[in-house]
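Chemist: what follows is a predicted structure for the sequence shown.
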Amino acid sequence: MEVESFNKLNLAYIWKWDFIDDNCAICRLPLMGASSKCLLENKTIDTCAPIMGTCGHAFHKDCIDEWVAKRGKCPLCMQRWKIKSMR
């Protein structure tokens, strides 16, 4: 059967961050959703994005920022926390 033309094409996609863990180890909520702090402050997912360290562990940005300000290390592996460049 030969197709002559398309009148309409509907496309859909689903994407997901490529993280080892599905939940933030600090607040225990899904990385693809808002953190507990963002939920309390009614922030959107855009401002509560997940972030990955050079050690390979991922957390909500606001969760890890608060943790690192007090402790300076990844809560899972205790390595010095440094944000992984996504380039």
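Modeler: Everything's here; your move.
Chemist: tell me the contacts of the nearest residue to Ile51 once chain neighbours are set aside?
Modeler: Among residues not flanking Ile51 along the chain, Lys61 sits closest, at 4.6 Å (C-beta to C-beta, 6 or more residues apart in numbering). Every residue, glycine included, has its C-beta placed from N, CA and C. Taking C-beta atoms under 8 Å, 6 or more residues apart in numbering as the definition of contact, the neighbours of Lys61 are 48-51.
Chemist: buried residues, the longest helix anywhere in the chain. List them.
Modeler: In the chain, ranked by residue count with DSSP state H as the criterion, the top helix is helix 61-71. Going by neighbour count (16 or more other C-beta atoms under 10 Å), the buried part of helix 61-71 is 61-64, 66-68.
Chemist: ok, for the residue nearest the centre of the chain, nearest residue in space, not its chain neighbours?
Modeler: Residue closest to the average C-alpha location in the chain (C-alpha atoms, centre = their mean): Pro50, at 2.4 Å. Closest residue to Pro50 apart from its sequence neighbours, by C-beta to C-beta, 6+ apart: Leu31 at 4.3 Å.
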